[in-house]
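Undergrad: Give me a model of this one.
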Amino acid sequence: MPSVKSLTLTYDALNEAASFSEGDTITGRVTLALLKETTVDALFVKAKGDANVRWTHKSGDRTNTYSSHRRYFKLKQFLIPEENKDVVLPRGNHVYNFSFKIPRESMPSSFKGSYGKIVYCLEAKLSRSWKMDTTAHKEITFASKMIPNLPALMSPQIGSKQKEIGLFSKGNVNMDVTLGKGAFVAGETVVVVAKINNSSSSEMIPKFSLQQQIMYRANGHTKQEFHTVQKVVDHCVTAHIQKEVKCMMKIPKDLTMTIHNCDIMSVSYHLKVSLDISFSFDPKVVFSVVIIPPDLASGCQEGMAVGPYPAGAVGGPSNSDFPGPAAYPSSYPASPQAASYGYPGVNRYSTPPPAYPGNPPVYPGPPGGYPSPSAPAAGAYGSPPVPYLYGNPHTAASSRLHPPPTAQEFVPQAPVPTAPPIQPPPPSLSPSAPSYNFVPSAPMSNFDFLSQADEAPPSYSLLFPSTSPDANSTSDAK
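TA: Down below sits the predicted model:
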């Protein structure tokens, strides 16, 4: 009599499509039904995702096989650890809960084709001594949300084609095609509008088709598949007429989503609008369309942000890893006077520049009357970097950053009484200094001492007369 009645595995669905995406958590239960008391070595559950490609090509008598494999993740959780061997379980049903966190890395959606497949599954395994392992297997649907340039795909797509018709007819034809958007959900209706200006003598038939292209890659070789998903043929457009044709095309509900992030296989879709003209090359307009998960499309239609950034995030390229500009709190002062800082004469700003780690403020100054705003979070790139005043301190080990000295804080003091100004003393009445009689200068001589005249030179007394009275009397006596 067998001891194990059944081993079943179930998981909890997150949405109507029961699909999972990057970063989701898979929760479920493993139920072990025993008919009698059983000794168990281990019980565990695994979650994994794999991609496989394989095809053969026959050339003469030789057959070549091309294959490739990719593993995206493998998670394992023990419900009965291996260390606890010879665990005896009583008869009855035993339910074990499990939980897995899917990695946030970009992974392709689930797919099954003629020469390859991408499968995500859960597997439970019961190990017993001297017995074959009992397993339970269940596939899960994985829908990748890593769609590049999705906002642009949700906008209208426009294409045109003009062709001159010759040989059996004359004239030209012009076709303008408008597609409401470039991203659709399986089961959605595609609306295509074509404005046809037939200025030729030929009749033409508008045709609309949705085509699927699958490419497999392995060992440096490729293999392609082409499938027509839907096709619509409209009424004939006669010669020398203008007509607007509107096509309503229903996408199948079981259509595989676009796969662009797998290196061994890819799935793409093209919407082709053409004019079937007899005895002439058919003009056509081709759009690349993307099949996306339903919840991703509803988020775009409601104006929600697509990708890892929340709604209302500032900036941020869809492939970028850097955070958006930092949003300063509303408590920052708005007036330059309230947010002034630094030395007098320094330019004033509404908010001071952020202080980065290891880099003090350029213009330190006295605290103002308002609280200093907190610095932005590390990694914010919204404010310009603060320049180094004395060179980059990281360029050399011996370099040091010497900021300007801190300005002294001005504290108003009580007025101090000042003494009256000191007046200069009045002039004293001292006697004036005695006057002096200076010796008069010698009179100007009019004699030319260098001349060759025979006249005798003037006497000394004539040139320098004496002022002394004694000398005069003596001279007179002589």
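
Undergrad: Verify the stated contact: Tyr269 with Ile291.
TA: Yes. The pair Tyr269 / Ile291 is scored as a contact, 6.1 Å apart, by Cβ atoms under 8 Å. (Glycine included, C-beta is placed from N, CA and C.)

Undergrad: In terms of residue numbering, what are the domains of this structure?
TA: 4-142, 150-301 (automatic domain parsing).

Undergrad: pLDDT averaged over the longest one - what is it?
TA: Rounded to a whole number, the mean pLDDT of domain 150-301 is 90.

Undergrad: Helix or strand: which one has Phe208?
TA: Element membership for Phe208, per DSSP states H and E: strand 204-218.

Undergrad: and the closest residue to Ile80 other than its chain neighbours, what does it touch?
TA: Spatial nearest neighbour of Ile80, chain neighbours left out: Leu43 (4.0 Å); criterion: Cβ to Cβ, 6 or more residues apart in numbering. Each residue near Leu43 by Cβ atoms under 8 Å, 6 or more residues apart in numbering is listed here: 30, 32, 78-80, 96, 124-127.

Undergrad: Okay, and which of those residues map to strands?
TA: Counting by DSSP state E, the part of the contacts of Leu43 found in strands is 30, 32, 78-80, 96, 124-127.

Undergrad: closest to Thr258 among those residues?
TA: Within these, the smallest distance to Thr258 is 31.9 Å, found for Ala124 (Cβ to Cβ).

Undergrad: thought that closest one was touching Ile80?
TA: No. With contact defined as Cβ under 8 Å, Ala124 and Ile80 do not form a contacting pair (11.2 Å).

Undergrad: Those two: which has the busier surroundings?
TA: Ala124 (25 against 19; other Cβ atoms under 10 Å).

Undergrad: partners of the more buried one in the sheet?
TA: Val45, Ala136 (DSSP bridges).

Undergrad: With respect to Gly171, which of the ones in strands among the contacts of Leu43 is nearest?
TA: Closest approach to Gly171 among the ones in strands among the contacts of Leu43 (Cβ to Cβ): Ala124, at 69.7 Å.

Undergrad: show me what contacts Thr39?
TA: Taking Cβ under 8 Å, 6+ apart, we find Thr39 in contact with 86-89, 128-129.

Undergrad: Output the contacting helices and strands for the strand or helix carrying Val193.
TA: Under the criterion of DSSP H and E, Val193 resides in strand 189-198. Under the contact criterion of 3 or more Cβ pairs under 8 Å, 6 or more residues apart in numbering; DSSP states H and E, strand 189-198 touches strand 171-179, strand 204-218, strand 241-250, strand 265-277.

Undergrad: I'd say Ser6 and Leu34 touch.
TA: No. If you go by Cβ under 8 Å, Ser6 and Leu34 don't touch, sitting 9.3 Å apart.

Undergrad: Between the two, which has more neighbouring residues?
TA: A direct count of neighbours by other Cβ under 10 Å for Ser6 and Leu34 places Leu34 higher, at 19 against 12.

Undergrad: Check what pLDDT the residue lying closest to the more buried one once chain neighbours are set aside gets.
TA: Among residues not flanking Leu34 along the chain, Arg91 sits closest, at 5.3 Å (Cβ to Cβ, 6+ apart). Looking at Arg91, its pLDDT is 93.

Undergrad: Torsion angles phi and psi at Arg91?
TA: phi -70, psi 150 (degrees, to the nearest 10).

Undergrad: one step back: what's the closest of the helices and strands packed on strand 189-198 to Arg70?
TA: Nearest to Arg70, of all the helices and strands packed on strand 189-198, is strand 265-277, at 9.2 Å by Cβ to Cβ.

Undergrad: Run through who's touching stretch 121-140.
TA: By Cβ under 8 Å, 6+ apart, stretch 121-140 touches 4, 7-11, 18-20, 26, 28, 30, 32, 38-49, 82, 86, 110, 119-120.

Undergrad: PyMOL command to pick out the buried ones of those residues?
TA: Buried residues among the contacts of stretch 121-140 (16 or more other Cβ atoms under 10 Å), as a PyMOL selection:
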select buried, resi 4+7+9+11+19+20+26+28+30+32+38+40+41+42+43+44+45+46+47+48+49+110+120
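
Undergrad: tally of neighbours for the nearest residue to Asp254 once chain neighbours are set aside?
TA: With Cβ to Cβ, 6+ apart as the criterion, Asp254 has its nearest non-adjacent residue at 6.8 Å, and that residue is Ala186. For Ala186, the neighbour count with other Cβ under 10 Å is 16.
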